[in-house]
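J.: My questions are about this predicted structure, shown below with the sequence.
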Amino acid sequence: MRYWAALLLVWLAGTSLSAGAAGNLSSAPLFAATLFDLDNKPVAFAAYKGRPLIVNFWARWCPPCRVEIPDLVDIQTRYKARGIEVIGLNIETDPLPVRDFAKAYDINYPVLLTKDKGIALLQALGNSKAGLPYTVVINRQGEIVASKLGAMTRAELEAASAAALK
């Protein structure tokens with residue numbers, strides 16, 4: 001039992017919110033992307049430029065993604081008035097089941113589908129393993145100020161919100 005607890009702690013330490021490495025990442029591939037809304041209409045991500053963003057890559061079949069959704073909903077509710085926008089980037093291709101899922105989970109932030117661009121975007125934004133969930137935090141200047149592979153805790157989301165607003 002101690003072995004598994006120690007292994008979990010090592011894994012958690014390796015998936016903590018990273019600010020240092022994020023400074024070397026460029027958000028340009030994200031802002032250059034055209035994604036799709038839940039009605040399958042194209043959306044230029046450049047429309048979000050100039051806003052502090054918490055961009056969360058996820059999928060319906062990903063258990064850690066499901067765990068962090070309520071906290072992302074809470075951050076969107078509490079920080080929207082301060083200008084922060086949470087955006088969910090789903091890596092699936094069919095908008096209908098994603099729309100149903102978003103409704104069932106009371107997702108109150110925009111959800112866009114990356115479709116065939118998901119893996120390339122994940123990798124361009126510093127997630128070489130293309131694992132999920134993956135979150136990047138972008139300030140008003142369009143700079144990635146933090147990133148994390150793995151589900152974010154409430155405390156990490158609070159820290160991410162503060163970093164996005166600086």
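T.: Arrived safely.
J.: from here on, contacts and neighbour counts on C-alpha atoms
T.: Fine.
J.: quick one, strands of this structure?
T.: Applying DSSP state E to the chain gives strands spanning 34-36, 42-44, 53-58, 85-90, 111-113, 134-138, 144-149.
J.: Buried residues of the fourth one, list them for me.
T.: For strand 85-90, burial by neighbour count (16 or more other CA atoms under 10 Å) applies to 85-90.
J.: Including mean pLDDT, could the strands of the chain go into TSV?
T.: Formatted as TSV, the strands of the chain follow (pLDDT from 0 to 100):
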stretch	mean pLDDT
strand 34-36	98
strand 42-44	98
strand 53-58	98
strand 85-90	98
strand 111-113	98
strand 134-138	97
strand 144-149	96
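J.: need these in CSV with distance to Gln123, can you?
T.: Putting these into CSV (distance: least, CA to CA, whole Å) gives the following:
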stretch, distance to Gln123
strand 34-36, 16
strand 42-44, 19
strand 53-58, 12
strand 85-90, 14
strand 111-113, 16
strand 134-138, 10
strand 144-149, 11
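J.: Of all those strands, which one is nearest Gln76?
T.: Smallest distance to Gln76 across these (CA to CA): 5.7 Å, for strand 85-90.
J.: Sheet-wise, list the partners of that closest one with their directions.
T.: According to DSSP bridges, strand 85-90 forms sheet pairs with strand 53-58 (parallel), strand 111-113 (parallel).
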